[in-house]
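Asker: Have a look at this prediction, sequence included:
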Amino acid sequence: MTPDAALAMLTGLGFGLSLIVAIGAQNAFVLRQGLLREHVLPVVVVCAASDAVLIVAGIAGLGSLLDLAPWLVDVMRVAGAAFLLTYAVLAARRAWRPGAVDARADRTGTRLWPVVTTAVALTWLNPHVYLDTVVLLGSVADTHGDDRWWFGAGAVAGSVIWFTALGFGARLLQPVFVKPSAWRVLDAVIAAVMVVIAVTLLHGLGG
């Protein structure tokens with residue numbers, strides 16, 4: 001690896017982390033699964049692998065296709081907002097009903113496939129991930145010329161590091177979540193985050 005390639009990789013690592021560390025629907029879901037210790041590895045793999053695919057697509061030039069079909073972004077905005085609002089209602093219901101929180105271990109959502117499907121939907125139905133990862137990250141990677149794939153490797157590494165730390169590191173907060181009231185607060189915050197993101201998606205229609 002040349003010095004320029006190493007610099008590109010470190011830059012990609014930092015830039016990738018700057019895009020995914022912000023509070024969002026995906027991170028909130030990974031955090032919750034980490035606290036529950038339910039299917040954490042599959043969720044981390046889905047999120048990190050999805051990011052890797054999108055990063056590769058962005059560096060390969062997929063972002064130009066979105067410029068040619070702006071209507072596709074609007075379709076994703078509506079679909080993503082609908083899903084987020086549905087998830088917000090479920091989170092708000094858990095926050096409003098303490099019994100639902102206490103019985104969290106018995107919910108059907110603890111099965112693997114519903115959890116994985118939710119992780120996939122929160123990732124791929126969010127148009128922001130395409131605008132940030134495919135368009136923005138792909139454009140920045142192009143500035144590194146032949147080393148753009150090293151930049152992409154750094155961004156992928158950042159995604160793996162972040163989701164692994166968030167999912168498996170969440171257990172360090174478990175002493176706080178011994179009380180059902182803490183889960184109610186978390187679910188209320190998650191519901192609010194989902195609603196805010198959904199509103200911003202709909203607000204950007206046609207923009």
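Answerer: Ah, there it is.
Asker: buried sites along stretch 191-198?
Answerer: Residues 191, 193, 194, 195, 197, 198 are the ones in stretch 191-198 that count as buried (16 or more other CB atoms under 10 Å). The C-beta positions use only the backbone N, C-alpha and C, and glycine is treated the same way.
Asker: Pretty sure residue 13 sits against residue 156.
Answerer: No: with contact defined as CB atoms under 8 Å, residue 13 and residue 156 do not form a contacting pair (9.0 Å).
Asker: Just give me the closest of the buried residues of stretch 191-198 to residue 79.
Answerer: For those, the residue nearest residue 79 by CB to CB is residue 198; the value is 10.9 Å.
Asker: Kindly list the longest helix within this protein.
Answerer: helix 70-96 (DSSP state H).
Asker: which of the residues in that one are buried?
Answerer: Of all the residues in helix 70-96, those buried under the rule 16+ other CB under 10 Å are 73-74, 76-77, 79-81, 83-85, 87-88, 90-92, 94-95.
Asker: again, but for stretch 33-44
Answerer: Of the residues in stretch 33-44, those buried by neighbour count under the rule 16+ other CB under 10 Å are 33, 34, 35, 36, 38, 39, 40, 42, 43, 44.
Asker: Repeat that for stretch 7-22.
Answerer: 7, 8, 9, 11, 12, 13, 15, 16, 17, 19, 20.
Asker: Please report phi then psi for the first one.
Answerer: Per-residue torsions, residue 7: phi -60, psi -40 (degrees, to the nearest 10).
Asker: distance of it from residue 139?
Answerer: In this structure, residue 7 and residue 139 are separated by 18 Å, where distance is defined by CB to CB, to the nearest Å.
Asker: Who are the packing partners of the longest helix of the chain?
Answerer: Using 3 or more CB pairs under 8 Å, 6 or more residues apart in numbering; DSSP states H and E as the contact criterion, the secondary-structure elements in contact with helix 70-96 are helix 98-102, helix 112-124, helix 127-129, helix 180-203.
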